[in-house]
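Student: have a look; sequence and predicted model below, questions after that.
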Amino acid sequence: MTRSGVRTTVRVKIKTKVITMRKRKKLEQITGRDTRIIKQFIKVIYHNEDHIVSNKKVNKAKLDHLTLTTSKKNKQPKRLSVRHDLKKNFPRCSQNELQECRENAVAIYHSQQVKNTLPSKEAPTKKAPRTQLEHNRRFILACSPSNTIARWWVGIRDSLDTKKNKTSKHEKLWLPLACSPYHEYKIHQGKIKALEVLYYTKKKEWWVHFILLHVPDKYSSPRPPAVLGIDLGINKRAVSALLTPKGTINRHEIRFWSDKTRKKLLKETERKVAKLQKILAQSNLSCGKSRILLHQLKTLRKRQRTEHKLSDHTYVNRLVKYILSVGKRYDLYVVVGFPIHIRKSHYRGNLRPYSRKSVHKWNYRRVTELLKFKLSLHGWEEHRILSINESWTSSCCSRCGSYHTTRPNQPTFICNNCGYQLNADLNGAKNIAKRLIKYVLQPKYNSIKDQVSSKFFPLSSFCVFPVLSQWL
Ligand SMILES: [Zn+2]
């Protein structure tokens with residue numbers, strides 16, 4: 001979360017079937033022209049890299065000198081010519097639109113620098129959308145309940161409008177949107193900041209992306225501090241345990257999170273994929289038959305990916321709801337265990353193929369990121385939801401701290417030192433929460449690292465922790 005708020009995107013399809021051919025052509029012209037302008041800007045940046053780029057940042061004023069402005073102020077000597085005059089090349093494009101294209105080009109250049117990708121590889125095929133700023137002035141989202149074609153319309157500035165009597169008249173290009181109640185709900189949650197019009201080549205559809213800004217109130221609670229430890233798992237999606245200043249765990253605050261209906265669906269799709277793969281492995285298939293099967297496999301895999309994503313979203317939503325309710329009673333900090341080297345330890349040939357498969361399918365990073373993002377929409381700062389290394393938390397006793405423990409089967413945990421017996425995942429969740437308290441109160445280092453974002457947070461952000469010292 002930045003200081004200014006959280007940004008989200010809402011994607012809405014344009015009802016292309018009901019708009020006129022003229023409008024569709026205009027859309028194509030506008031987006032095509034924007035792409036060409038953005039590419040020209042990128043070209044200019046790469047050609048003049050030594051001159052306008054310093055510290056990997058593009059100097060926008062210098063870029064403008066090369067492309068848009070002829071002279072700046074009266075004091076400076078007048079420059080009457082521009083080397084790459086984009087205004088001349090695109091006479092029907094307004095200054096505002098050129099500047100918006102410049103912003104996009106600079107953003108693309110910066111992202112290419114981060115990724116170290118060559119411009120020649122990415123430039124030719126992809127369409128680059130222009131981010132249109134200033135809602136209500138440069139574009140409008142309007143609701144017309146009585147309209148039979150669409151309830152929601154977006155009006156964008158049509159700069160390609162025809163000239164009448166030597167003056168160009170800019171009209172709005174009104175596009176009908178396929179806006180569902182879900183989209184309406186999402187759009188009303190934030191403030192519309194920008195808009196992009198995109199063409200999806202594979203689907204052959206036009207879409208509008210609204211970029212929203214959320215500025216939630218900062219979460220802070222005057223109540224006693226508590227740490228919620230979450231142990232992510234494969235069979236049970238998560239286990240959470242709450243450590244409060246009382247020093248004992250309230251059994252009502254122990255939660256096991258799983259999603260049986262979705263799991264069933266996922267298993268079903270998985271079975272179908274395996275069946276298809278088995279048929280495809282046979283050598284006596286004809287060319288046409290195998291092509292059909294491959295197509296089926298592709299669609300199945302796509303469905304599988306969406307199902308995985310949906311399942312993550314639903315259970316993270318439930319988790320967020322629970323965390324928010326606990327957050328009202330305590331000054332809450334959330335710790336999620338992050339299994340750092342788990343994929344490396346499940347290498348091919350470690351004689352446990354079944355667990356290897358499930359580990360490699362497990363998307364713990366996405367779940368943690370989702371949790372962080374969804375809580376940030378409610379004003380939670382980054383240090384309140386941390387992911388820390390969870391190694392050894394599953395084999396350490398959460399009561400006496402001994403490693404002399406056994407697990408007769410997956411869910412059971414027995415401590416040989418003090419005889420403590422409980423669910424193994426719950427033991428892990430308790431240990432993860434305890435680990436954060438230990439990091440803060442017995443500091444080895446001055447800061448705590450978040451494993452997902454690789455950011456360091458100073459111990460001063462956890463100044464309320466001394467009340468929790470009885471957990472050590
Ligand atoms: Zn013990």
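Tutor: Cool, got the structure. All of these numbers come straight from a predicted model, not from anything done at the bench.
Student: so residue 153, which state does it fall into?
Tutor: With DSSP: H, G, I helix; E, B strand; the rest coil as the basis, the three-state label of residue 153 is strand.
Student: pull out the buried positions in stretch 449-457.
Tutor: 450-452, 457 (16 or more other C-beta atoms under 10 Å). C-beta here means a position set from N, CA and C on the backbone, and glycine is covered the same way.
Student: before we move on, what about stretch 327-335?
Tutor: 327, 330-335.
Student: what about it, distance to the chain center?
Tutor: Distance, stretch centre to chain centre, for stretch 327-335: 24 Å (C-alpha atoms, centre = their mean, to the nearest Å).
Student: so which bits of the chain are right by the ion?
Tutor: 397, 399-400, 402, 415, 417-418, 420 (C-beta under 5 Å from the ion).
Student: circling back: could I get the buried residues of stretch 449-457 as a markdown table with pLDDT and secondary structure?
Tutor: As requested, these are exported to a markdown table (pLDDT from 0 to 100; DSSP: H, G, I helix; E, B strand; the rest coil):
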| residue | pLDDT | secondary structure |
| --- | --- | --- |
| 450 | 92 | coil |
| 451 | 91 | coil |
| 452 | 91 | coil |
| 457 | 93 | strand |
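Student: just the closest of those to residue 96, please.
Tutor: residue 452 (38.2 Å; C-beta to C-beta).
Student: list the contacts of that closest one.
Tutor: For residue 452, the contacting residues are 338, 365, 368-369, 372, 387, by C-beta atoms under 8 Å, 6 or more residues apart in numbering.
Student: ditto for residue 6
Tutor: So residue 6 contacts 213-214, 216, 373, 376-377 (C-beta under 8 Å, 6+ apart).
Student: what sits against residue 12?
Tutor: Residue 12 touches 152, 177-179, 183, 207-210, counting by C-beta under 8 Å, 6+ apart.
Student: can you count the residues close to the residue of the stretch 201-350 of the chain found nearest the ion?
Tutor: Going by C-beta to the ion, the ion is nearest to residue 249 of the stretch 201-350 of the chain, at 14.7 Å. Here the number of neighbours of residue 249 (other C-beta atoms under 10 Å) works out to 19.
Student: can you verify residue 140 is assigned to a strand?
Tutor: Yes - counting by three-state DSSP, one finds residue 140 located in a strand.
Student: bridged to it, which residues?
Tutor: Beta bridges link residue 140 to residue 155, judged by DSSP bridges.
Student: what sits against residue 220?
Tutor: So residue 220 contacts residue 331 (C-beta under 8 Å, 6+ apart).
Student: so which of the contacts of residue 452 belong to strands?
Tutor: 338, 387 (DSSP state E).
Student: and for residue 230, the neighbour number?
Tutor: 27.
Student: where does the prediction get shaky in the stretch 1-150 of the chain?
Tutor: 1-3, 69-81, 117-126 (pLDDT under 70).
Student: Throw the contacts of residue 452 into JSON lines and include neighbour count, thanks.
Tutor: Compiled in JSON lines, these are given as follows (neighbours: other C-beta atoms under 10 Å):
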{"residue": "338", "neighbour count": "20"}
{"residue": "365", "neighbour count": "14"}
{"residue": "368", "neighbour count": "23"}
{"residue": "369", "neighbour count": "16"}
{"residue": "372", "neighbour count": "22"}
{"residue": "387", "neighbour count": "27"}
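Student: save the contacts of residue 452 as CSV, and put in distance to residue 105 and pLDDT too.
Tutor: As requested, those are exported to CSV (distance: C-beta to C-beta, whole Å; pLDDT from 0 to 100):
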residue, distance to residue 105, pLDDT
338, 37, 92
365, 31, 92
368, 33, 94
369, 28, 94
372, 30, 94
387, 35, 94
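Student: and the contacts of residue 452, which is closest to the ion?
Tutor: residue 338 (24.3 Å).
Student: thanks a lot, catch you later.
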